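need a structure here:
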Amino acid sequence: MRPFILTLFITLSLLPSALIAQQDSIDVFITNQMKQQGIVGLSIGIIKNGKVIKAKGCGWANIELNVPASEKTIYKIGSISKQFIAVGIMKLVQEGKLKVSDPVTKFIRGAPVKWNAITIRHLLNHTSGLPADPPGFDGMKEQADSVYIETAFADSLAFPTGSKYEYSNFGYFILADIIRITSRLSFPEYMKKYVFDEGGLSSTRTTSLEAIVPDRAAGYIKNANDSILNAPNYIALRPSGAFLSNINDLLKWEMDMQHNKLLTQKGWDQMWGDTIKTPLTMDNEVIYYGYGWMTNKVNGKQFIHHGGSLPGFKSVYFRYVQDKTAIIILTNSEIQMRMGLHLGYQIYCRQKTKSKQQPTKKYSPKTDINC
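Coordinates of the predicted model:
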């Protein structure tokens, strides 16, 4: 998935504006990738130089009902949700209601002494020492965040707080509960009122299986025989991957960031500027983690990115801040996230690296991808 998106970045830098307006080359590339990777449905949004140049869907939002994907199709966005939670925290920081240096024990009643050193910042950048997920987490069981948090009280930390980076969804459970405790609103209520509504995101919401959500995509997985099946639905509202959204809203969100809406420029810069070094690299460049965003240098420019994954869904959000350029892709298929990263990077950097042609895979049950 990453090489796929980076290929698009480079394609954008090479295509003249008139050709980009026709959108033909990008559409052909997307269609070919969907066939090769067996992607059922995909929606893409592209902003270049601060202007939206593409917002559309390809393939199918729902195979059973023959509903095509579009820029309005609603997907589970997985861990792309983390940046929204981080903004919720930063709004409270901006209002003076909390600090990123505040200890977790200031908010979580009954937290053990071993959590004394854990701050909000440690939760944001995955350096708390807490496990990847709460003990006993069950995606098919609905429980309050506070209940899951308490299940970890008796366990030891995986490593001393602040000593290293280790990705933890659990940290974002706690951040969601800190938002609830500080704002005196439920986590969904706070996010809707102070993040989504203020950001003009009318289609973004917390994940719900019960609510009627127009344009909702079905999620798909493949079995051992490469047949497409309906993906299982997590019943649990997992704050680390909590939200539903579409391309139209995420393009608005990108413009919110570019125009310093919701937060001051200082606040936004802190999101991807106050970072911790990770063991991850991209083309020999160290990747750092900020507040719900990964960041590193590509061709001397800051590259900000994050992916999301839930059963039947994959999503990626890539940004070049200096160029005011972003690519957002949402899918309802479990595709390979590693495909295309190197190729896309080379294209964006205006180098003439050619990738090996991938053999076209069987695409069942639909082969007529309309893009």
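
which SS class is the residue nearest to the spatial centre of the chain?
The chain has Ile80 as the residue nearest its centroid, 1.6 Å off, counting by Cα atoms, centre = their mean. Following DSSP: H, G, I helix; E, B strand; the rest coil, Ile80 is assigned to helix.

how many residues are close by the closest residue to Ser101 other than its chain neighbours?
Nearest residue to Ser101, sequence neighbours excluded (Cβ to Cβ, 6 or more residues apart in numbering): Thr119, at 5.5 Å. No exception for glycine: its C-beta is placed from N, CA and C like everyone else's. Neighbour count of Thr119, defined by other Cβ atoms under 10 Å: 20.

quick one: Gln309 is in a strand?
That one is not Gln; residue 309 is Ser. Yes: looking at Ser309 with three-state DSSP, it is inside a strand.

quick check: it touching Ile77?
No: with contacts counted by Cβ atoms under 8 Å, Ser309 stays clear of Ile77, the gap being 9.7 Å.

ranges for the helices of this protein?
Using DSSP state H, the helices of the chain run over residues 2-14, 17-22, 24-37, 81-94, 120-124, 145-150, 169-183, 187-191, 247-258, 265-273, 341-348.

for the fifth one, which helices and strands make contact with it?
I take that to be helix 120-124. If you count contacts as 3 or more Cβ pairs under 8 Å, 6 or more residues apart in numbering; DSSP states H and E, helix 120-124 packs onto helix 81-94, helix 169-183.

quick check: mean pLDDT across the shortest one?
Read it as helix 81-94. Helix 81-94 shows a mean pLDDT of 97.

what does that helix rub up against?
98-100, 120, 124, 172, 175-176, 178-179, 182-183, 190-191, 194-196, 204, 239-243, 262-264, 267, 270-271, 291-293, 306, 308, 317 (Cβ atoms under 8 Å, 6 or more residues apart in numbering).

can you select the buried ones among those residues for me in ChimeraX?
To isolate the buried members of these in ChimeraX, using 16 or more other Cβ atoms under 10 Å:
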select :98,100,120,124,172,175,176,178,179,182,183,190,191,194,195,196,204,239,240,241,242,243,262,263,267,270,271,291,292,293,306,308,317
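
okay, now the unreliable bits of the stretch 51-200 of the chain?
Applying pLDDT under 70 to the stretch 51-200 of the chain picks out no residues at all.

which strand of this structure spans the most residues?
strand 51-62 (DSSP state E).

so which elements touch that one?
helix 24-37, strand 41-48, strand 67-68, helix 247-258.

what angle sits between that strand and helix 247-258?
Here the directions of strand 51-62 and helix 247-258 differ by 150 degrees (axes from the mean of the first three to the mean of the last three Cα atoms, to 10 degrees).

next, the angle from strand 51-62 to strand 41-48.
180 degrees.

so what are the sheet partners of strand 51-62 and their directions?
strand 41-48 (antiparallel), strand 67-68 (antiparallel) (DSSP bridges).

highest mean neighbour count out of those strands?
Across the strands paired with strand 51-62, averaging neighbours per residue (mean count of other Cβ atoms under 10 Å) puts strand 41-48 on top, at a mean of 26.

distance between it and the chain's centre?
Offset of strand 41-48 from its chain centre (Cα atoms, centre = their mean, to the nearest Å): 14 Å.

ok, stretch 253-273 next?
16 Å.

again, but for stretch 307-320
5 Å.

wait, isn't the residue nearest to Ser101 in contact with Thr105?
No: here Thr119 does not reach Thr105: they are 9.7 Å apart, not a contact under Cβ under 8 Å.

now the strands paired with strand 51-62 as TSV including distance to Lys301?
Conversion of these to TSV gives the following (distance: least, Cβ to Cβ, whole Å):
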stretch	distance to Lys301
strand 41-48	14
strand 67-68	36
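
rank those strands by mean pLDDT and give me the bottom one.
Lowest mean pLDDT of the strands paired with strand 51-62: strand 41-48, a mean of 91.

how near is the closest residue to Thr325 other than its chain neighbours to Thr161?
Nearest residue to Thr325, sequence neighbours excluded (Cβ to Cβ, 6+ apart): Lys48, at 5.0 Å. Separation of Lys48 from Thr161 (Cβ to Cβ, to the nearest Å) stands at 41 Å.

now Val298
Val298 is 31 Å from Thr161, where distance means Cβ to Cβ.

before we move on, back to that, do you know which of the helices and strands packed on strand 51-62 lies nearest Ile335?
Of all those, helix 24-37 sits nearest to Ile335, with 4.8 Å by Cβ to Cβ.
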